[in-house]
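1. sequence first, predicted coordinates after that:
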Amino acid sequence: MTAPIGQTLQETLTDVRIKRNKDFINEIAPTPSLPNNSNAPRASSGIIAPPGTDFLFVPQNQSDASAAAQKTPLPQNQKSSAQGQNNNNAQKTKKIQFNFKSASLSVVIDFIAKLYGLVPVTSSIGNQQVSISTPGEVSPETAYAIFTSVINNMNYAVVRTDRYLQVVPKSNAQQYPIKILYGDEPAMLPDNDEMIMMIVPCKNMAAAEMQKYIVPIISSGLGTANVTADPSSNLLIVTDVATNLKRIIKMVKLLDVAGRQKFSSMVTSVYYISYMNAKDMAECLNNAFKIQSTVTVRDGVVENNQIIIQPFLDGNAILVTAVPSLQKVVGDTIRSLDKRKKQVLLEVKLIEANRARNFDLSSDLTIHSGSSNIQAGPSRSITEASNLLTDSTKTPELSYIFLSDRVNFAVQALLEKTNGKLLSQPRLLTADNQKASLIIGQQEPILKSTTTVATTANGNVVSDYSYLNLGITLTITPHINPDNDVTLNMDLKISNILSRVTVGDQSVPELSNRQIQTTAAVKHNHTLVIGGIISQDHTDTQKTLPGLGDIPLIGWMFGQHTEEHVQTELIILISPYVIEEIASADSLTKTQTDKISLKEKDFEHFDDAFNDVDGEMKFGDQLDYFLDPQAKKNKKKKDVPAVNDTDEKQAVREEEKEEFHTDEYPDNDDKLMELE
């Protein structure tokens, strides 16, 4: 029996010297240590096959490959002297017909071994059974191919040497002396499922890189150890059945092609980002192009699809390193994402509506006699009662006052209705999907603790305060769809101090908190109203004089009845205005400016409102008079009459005044002063 395959391969690689020329064509020359008169068979292309080693060589060019194909290790064409007699036995049997039904596998192996004059080895197959049947007679090589295919499907491997035909588990096939072939031509392999070790040279692509693409297509039952790479000689060593090795070699030939470096050279491009953030863009692209050292075969050329994307924050740019074909894809993606975002102006009104209805019916009876005053009803002075109608801050909707020398009688019935107040009216401008925040308020100090430091007899008190944020806090995140519908994620909080209560010896504020968290959709240039009743209070108060207030019909004159209904409601009005282009932004800015600016036409009669009593000097002239010293001198000259003027000259001067001071030339006042 021949030596184990590990030793045979090592001896074989030791006995040959591999030279490579500039075209990556392998030349295998005999070692000088081998004698010239050796009886070892020589291949036509210069490889030495030591005795006992099944190592065949297939030439690189196509014509030699055709000749070598005729010498492939088919069962009937072995050239060793030991195989010659075996092949003669197979040639004597022209046709074979299989008709095994549930036969022992060892019986089938014995049949094939005897067909080729080999010794069967079946110690590792157990009591396996098999059925093989052919519709007619087949040639010996076809019978051998059928036999190896059946053995392969049973997860076994056929190992054939010069003397033995052995069937072993497929996973252990490398430990046995299987055939070893060298080359990259599929034609050198037999058309059967015999286990073969193939040494494939890689000319342009690294063998370790090629190994990653071969492992997934190895036959089932074989581990990844059946594909190894030798980086020093850039060889790929694959162990598999012959039919699958043909497929592997075809794939290697497609991947290992010249010109790969020319087309797969990676370049670096810089893309400047106009509207987005470079860091966010890089993260988005890295998630979209998750490619790590993949290979694409395109028109016989292999391209490396690795891509590296890095953000350049200082310049808000993206650096992309990839092959040109991927650069175009990345560039198109960046241009599609880097668009001007829509903006939205949010006009918010926060209204606190107090729907209060008060009813107050009372009487004030004041009797003035001599130096003493007698009052009936709620305490109120005569002066206060008489001033109810004259004080603008106390004028009721309905009031009755009766006055006399001795008796001031007042009857007051007040029905009052209060609407509400505008808490805030902010305007927020933000981009699509960007959060906008507004805080209006103050920080209220809250006493947390006091500490007495005994540095003196009385001690010093140190107070510790914390600050509480009070006021209005508004946070809105808008989402704008292509139809300009705006979805608002809103968070509103309003807090203030209602009153102060005394806890122990400390004054503690009583706080009011109102908060709304909601998501709502509203169209462009529409208004969304959000609100609800926050509180509802009802107060009924009666005050009367003992005894007098209980008199029927007139008891109300000696008391006061107050009834109050209060509903407090927080109302939020939100109006979004979507801004798509600069022109729409300018138009909206002008609209908002007009709302808060005074127009020129509002000042058309401004001067008339500031004329003095005589109508001679206007407000603007008064400012010039008091601020401009020259204007004062001109005024004095105007007021002092000419000493030596005659009546005729005075008349001419009056006509000149009329000529220059007209409505069409109001700016001639300065020249009028010069004439004077």
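-> Ah, there it is.

2. can you list the domains in the chain?
-> Following automatic domain parsing, one finds the domains of the chain at 5-255, 262-339, 421-536+551-579, 607-675.

3. least reliable of the ones you listed by average pLDDT, please.
-> Mean pLDDT is lowest for domain 607-675 out of those, coming in at a mean of 50.

4. okay, the helix or strand containing Phe147 in CSV with CA atoms only?
-> Here Phe147, judged by DSSP states H and E, is contained in helix 140-153. Provided in CSV are the C-alpha atoms of helix 140-153 (Å, rounded to 0.1, in the frame of the first residue of the first chain):
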residue,chain,number,x,y,z
PRO,A,140,-16.7,-0.2,-17.7
GLU,A,141,-15.9,3.5,-17.2
THR,A,142,-19.6,4.3,-17.0
ALA,A,143,-20.1,1.5,-14.4
TYR,A,144,-17.2,3.0,-12.4
ALA,A,145,-18.8,6.4,-12.5
ILE,A,146,-22.1,5.0,-11.3
PHE,A,147,-20.3,3.2,-8.5
THR,A,148,-18.5,6.3,-7.3
SER,A,149,-21.7,8.4,-7.4
VAL,A,150,-23.6,5.8,-5.3
ILE,A,151,-20.7,5.7,-2.8
ASN,A,152,-20.6,9.6,-2.7
ASN,A,153,-24.3,9.8,-2.0
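
5. would you mark the buried spots in it?
-> By neighbour count with 16 or more other CB atoms under 10 Å, helix 140-153 contains the buried residues 140-141, 143-152. Every residue, glycine included, has its C-beta placed from N, CA and C.

6. mind giving me the packing neighbours of the helix or strand just after that helix?
-> Next in sequence after helix 140-153, counting helices and strands by DSSP H and E, comes strand 156-160. Where contact means 3 or more CB pairs under 8 Å, 6 or more residues apart in numbering; DSSP states H and E, strand 156-160 is packed against helix 140-153, strand 164-169, strand 195-201.

7. mind putting the ones you listed into a markdown table with distance to Ser463?
-> Formatted as a markdown table, the helices and strands packed on strand 156-160 follow (distance: least, CB to CB, whole Å):
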| stretch | distance to Ser463 |
| --- | --- |
| helix 140-153 | 92 |
| strand 164-169 | 88 |
| strand 195-201 | 87 |
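
8. for the stretch 351-500 of the chain, what spans make up the helices?
-> 382-386 (DSSP state H, counting those that start in this stretch).

9. nearest spatial neighbour of Ile214, skipping sequence neighbours?
-> Excluding the flanking residues, the one nearest Ile214 by CB to CB, 6 or more residues apart in numbering is Val227, at 5.1 Å.

10. tell me the bridge partners for the one you found.
-> Counting by DSSP bridges, Val227 forms beta bridges with Val238.

11. could you count how many residues lie near it?
-> Each residue near Val227 was counted by other CB atoms under 10 Å, and the total is 22.

12. and the nearest residue to Ile472 once chain neighbours are set aside, how far is that from Lys493?
-> Among residues not flanking Ile472 along the chain, Ile440 sits closest, at 4.5 Å (CB to CB, 6+ apart). Counting by CB to CB, to the nearest Å, the separation of Ile440 from Lys493 is 11 Å.

13. what of Thr562?
-> 34 Å.

14. one more: Lys290?
-> With CB to CB as the criterion, Lys290 and Lys493 are 42 Å apart.

15. cool, and Gly547?
-> 54 Å.

16. who has more neighbours, those two?
-> Higher neighbour count among Gly547 and Lys493: Lys493, with 17 against 9, using other CB under 10 Å.

17. I figured that one hits Ser512, correct?
-> No - between Lys493 and Ser512 there is no contact under CB atoms under 8 Å: 11.2 Å.

18. who touches both of the two?
-> Counting by CB atoms under 8 Å, 6 or more residues apart in numbering, Lys493 and Ser512 have no shared contacts at all.

19. adjacent strands (with direction) for the helix or strand hosting Glu563?
-> Applying DSSP H and E as the criterion places Glu563 in strand 559-579. Strand 559-579 has its sheet partners listed here by DSSP bridges as strand 343-369 (antiparallel), strand 528-544 (antiparallel).

20. lowest average confidence across those, which one?
-> Minimum mean pLDDT among those: strand 343-369, a mean of 65.

21. ok, back up a step: intersection of neighbour lists for Ile440 and Lys493?
-> Counting by CB under 8 Å, 6+ apart, the contacts common to Ile440 and Lys493 are Ile472.

22. element containing Lys279?
-> helix 278-288.

23. can you count the residues close to Ile440?
-> Around Ile440 there are 13 residues (other CB under 10 Å).

24. quick revisit: wait, which of the buried residues of helix 140-153 is closest to Asn525?
-> Asn525 lies nearest to Asn152 out of those, by CB to CB, at 76.0 Å.

25. how about Ala113, phi and psi?
-> The phi/psi pair for Ala113 (degrees, to the nearest 10) reads phi -60, psi -40.

26. ok, it - contacts?
-> Ala113 neighbours (CB under 8 Å, 6+ apart): 119-120, 165.

27. adding neighbour count and distance to Val323, write those out as a markdown table.
-> Converted to a markdown table, the contacts of Ala113 look like this (neighbours: other CB atoms under 10 Å; distance: CB to CB, whole Å):
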| residue | neighbour count | distance to Val323 |
| --- | --- | --- |
| Val119 | 13 | 57 |
| Pro120 | 18 | 56 |
| Leu165 | 25 | 51 |
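
28. from Leu511, how far out is the residue lying closest to Leu350 once chain neighbours are set aside?
-> Leaving aside its chain neighbours, Leu350 sits nearest to Leu423 (4.2 Å; criterion: CB to CB, 6+ apart). Distance from Leu423 to Leu511, counting by CB to CB: 16 Å.

29. same thing with Leu545?
-> 40 Å.

30. with Pro478 instead?
-> Pro478 is 30 Å from Leu511, by CB to CB.

31. same drill for the two, tell me which one is more crowded.
-> Between Pro478 and Leu511, counting by other CB under 10 Å, Pro478 is the more crowded of the two (24 against 14).

32. what's across from the more buried one in the sheet?
-> With beta bridges defined as DSSP bridges, Pro478 has these partners: Leu488.

33. and if you look at Ile199?
-> Applying DSSP bridges, one finds that Ile199 bridges with Tyr182, Ile237.

34. am I right that it is in contact with Ser233?
-> No - contact between Ile199 and Ser233 fails when scored by CB under 8 Å: they sit 9.4 Å apart.

35. follow-up on the earlier one: closest to Gly471 among the contacts of Ala113?
-> For those, the nearest to Gly471 is Leu165 (95.7 Å; CB to CB).

36. show me what contacts that closest one?
-> So Leu165 contacts 109, 112-113, 116, 118-121, 158-159 (CB under 8 Å, 6+ apart).

37. just send those residues back as JSON lines, with distance to Ile318 too.
-> JSON lines is the format used below for the contacts of Leu165 (distance: CB to CB, whole Å):
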{"residue": "Ile109", "distance to Ile318": "66"}
{"residue": "Ile112", "distance to Ile318": "66"}
{"residue": "Ala113", "distance to Ile318": "68"}
{"residue": "Tyr116", "distance to Ile318": "67"}
{"residue": "Leu118", "distance to Ile318": "67"}
{"residue": "Val119", "distance to Ile318": "70"}
{"residue": "Pro120", "distance to Ile318": "68"}
{"residue": "Val121", "distance to Ile318": "65"}
{"residue": "Val158", "distance to Ile318": "58"}
{"residue": "Val159", "distance to Ile318": "58"}
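
38. which members of those occur in strands, if any?
-> Taking DSSP state E, the ones among these that sit in strands are 119-121, 158-159.

39. what's the helix or strand for the closest residue to Lys279 other than its chain neighbours?
-> Of all residues not flanking Lys279 in the chain, Pro311 sits nearest, at 4.9 Å (CB to CB, 6+ apart). Using DSSP H and E, Pro311 sits within strand 308-312.

40. name every strand pairing with that strand and say which way it goes.
-> When DSSP bridges is applied, strand 308-312 pairs with strand 317-322 (antiparallel).

41. I would like the residues contacting the strand it pairs with, please.
-> Contacts to strand 317-322, defined as CB under 8 Å, 6+ apart, come from residues 266-273, 278, 281-282, 285, 305-312, 327, 330-331, 334.
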